[in-house]
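In: What follows is a predicted structure for the sequence shown.
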Amino acid sequence: MRIKTVLAIIISGALGSCSDFLDVAPKNAVVPSNFFQSESDFRQAVDGTYAPLQGLYNAEGSWAMGEMRSDNTHFFYNTDYRSPNPEEIDEFVNGSENPVTAGRYFSDFDIIARANQVIAEIDKVTLEKTVGDNLKGQALFLRALAYFDLVRYFGGVPLPLVPAVDLGSASLPRSTAEQVYAQIIADATLAASILPGKATQEAGRATSGAAWMLLGDVYLTQKKWPEAESALAKVTGYSLMSDYAAVFNPNNKNNQESVFEVQYLEGTSLNLHSVFPYFFIPLTTNHAQYTLGPTGSQNAPRAGWNIPTQDLLTAYEDRVKDKRFAASIGFVNGPSLVSDTTYVNLPYIKKYQYPHSVFEQTNENFPIYRYAETLLMLAEAANEQGKVADAQRYLDQVRTRAGLANSTATSQTALRTAILQERRIELAFENKRWLDLVRTGNAITVMNAHGAKLKADPAYYYLTPATYSLEQKHLLFPIPFLEIQVNPDLQQNTGY
């Protein structure tokens, strides 16, 4: 998929009493009135709306907040180089000034601002209906996806739905979480109704199936089980790949199991490549054998993050039979570039490591939604309605592909535990675990217990008494300090 950065939109606001000439759109600048004229213009603008996803999933905010915040991964304590910002997120001591959490917040609002421009202008121009619906549907989906990301990590946020034209419209107070969820549902529902299916959509772009899955995810988060099941049943035209490892191979981008993934491309001058796999390899004298790329000067800030925990390793019920273990996790042995350190069976994320030609420039896409998760969501929605047989059927499809026997869980309570456990293994390192712990009400109990185990047996961790002392406030991240400073109408989350 072509990902192009949308041309900058310059909007001039009147300050005080302006003379008439200030109200005239400049002829040498790109503004909505002279840019949004043709199908090509809107395609460029929609491409630009996807672009911030690349930065978001290449950066620490994706995995630090989604995986390291949970019991799935930690970081390798580097005695030579401290990088406190993602570490703070892992250990629950981050504040509102943390640039990693702020980066995620600003990236999501960048997507929203770009989507708002498209949505505001597209109905004013005559386009062939299927083309116009497709482009508008993509913008609606991306806006809904960004708001869903924001509300789960930060709670209620400002809810701009039209382009900002002055300071007042750019500095909105926070809406409630309920209001944000209502808008997500409205956007995703409309997107699902006008987007084409996977079979006819350009690879890498949002589809009706992606919009239905987003809706199902929203309803699951809200514990609206019948609505979730109904939306997820409409995620059609997808199927499981026969081989789990093949799902993540760059040669199989946007495969039959992929519902939506962030697009990257190696080997261009436009910096469209992915770099996130390099973060997951510790500093070692022979990193190329793990990254499967060329040798280069390994960068301390880009190494030793998102290291699988012992807790996750023991969560696999059978490391030999379960094909996901060997596909997802490898082990490093030998000398380290960290002082006085030798690696002995140090786990690392193998799931995204594939051959590439340029150091720190991989061709790996990042999965947002896969059909395997659709099945697990359907299992959860069915089970919570007491449809145990249906839940077992969905769950066992995922287990069968993994090489495991059918689940032995037969009651609603046992299945609830089994489904959450299966999500942990199937979706490991896809930034789902922390959100799963929060929405199921398990985060405080699970993570405090996890922290106690780490402190008792630190291994390659480094913890202080202040870390892993979870309270209710830790279920949300703080609104960035800078945002509070420039927008006095914003109120900070409780406890920060």
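Out: Cool, the structure landed.
In: Quick check: L404 touching Y316?
Out: No: counting by C-beta atoms under 8 Å, L404 stays clear of Y316, with 9.9 Å between them. For the C-beta atoms, the positions are set from N, CA and C on the backbone; glycine is no exception.
In: what mean pLDDT does the helix or strand harbouring N345 have?
Out: For N345, the host element (DSSP states H and E) is strand 342-349. Averaged across strand 342-349, pLDDT comes to 95.
In: how far does it sit from the chain's center?
Out: Relative to its chain's centre, strand 342-349 lies at 26 Å (C-alpha atoms, centre = their mean, to the nearest Å).
In: Pull up the pairing partners for that strand, direction included.
Out: Paired strands of strand 342-349, with direction, are strand 329-335 (antiparallel) (DSSP bridges).
In: Buried ones in the partner strand, by neighbour count?
Out: By neighbour count on 16 or more other C-beta atoms under 10 Å, the buried set for strand 329-335 is 329-330, 332.
In: What are the boundaries of the strands in the stretch 51-200 of the chain?
Out: Listed in chain order, the strands of the stretch 51-200 of the chain (DSSP state E, counting those that start in this stretch) span 73-74.
In: So, low pLDDT: which residues of it?
Out: The model of the stretch 51-200 of the chain has no residue with pLDDT under 70.
In: residue ranges for the helices of it, please.
Out: With helices called from DSSP state H, counting those that start in this stretch, the stretch 51-200 of the chain shows them at 60-63, 84-91, 99-122, 129-154, 167-170, 177-194.
In: which secondary structure elements does the third one contact?
Out: With contacts defined as 3 or more C-beta pairs under 8 Å, 6 or more residues apart in numbering; DSSP states H and E, the secondary structure elements packing on helix 99-122 are helix 32-35, helix 39-58, helix 60-63, helix 84-91, helix 129-154, helix 481-486.
In: Please repeat the previous calculation with a cut-off of 7 Å.
Out: If you count contacts as 3 or more C-beta pairs under 7 Å, 6 or more residues apart in numbering; DSSP states H and E, helix 99-122 packs onto helix 39-58, helix 60-63, helix 84-91, helix 129-154.
In: how far does the third one sit from the chain's center?
Out: In terms of C-alpha atoms, centre = their mean, the gap separating the centre of helix 84-91 from the centre of its chain is 18 Å.
In: which helices and strands does it pack with?
Out: helix 99-122.
In: between the helix it packs on and helix 84-91, what angle do the directions make?
Out: With axes from the mean of the first three to the mean of the last three C-alpha atoms, to 10 degrees as the basis, helix 99-122 and helix 84-91 are set at 90 degrees to each other.
In: Buried residues, helix 99-122. List them.
Out: 100-119, 121-122.
In: give me the low-pLDDT residue ranges for the stretch 251-400 of the chain?
Out: If you take pLDDT under 70 as the line, the stretch 251-400 of the chain has no such spans.
In: Apply 90 and report the result again.
Out: Within the stretch 251-400 of the chain, the ranges that satisfy pLDDT under 90 run 267-270, 299.
In: Would you map the strands across it?
Out: Taking DSSP E, counting those that start in this stretch as the criterion, the stretch 251-400 of the chain carries its strands at 258-262, 307-308, 329-335, 342-349, 366-370.
In: can you put these in CSV and add distance to T284?
Out: Formatted as CSV, the strands of the stretch 251-400 of the chain follow (distance: least, C-beta to C-beta, whole Å):
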stretch, distance to T284
strand 258-262, 27
strand 307-308, 13
strand 329-335, 6
strand 342-349, 7
strand 366-370, 24
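In: So which of those is nearest F148?
Out: Nearest to F148 among those is strand 366-370; the distance by C-beta to C-beta comes to 10.7 Å.
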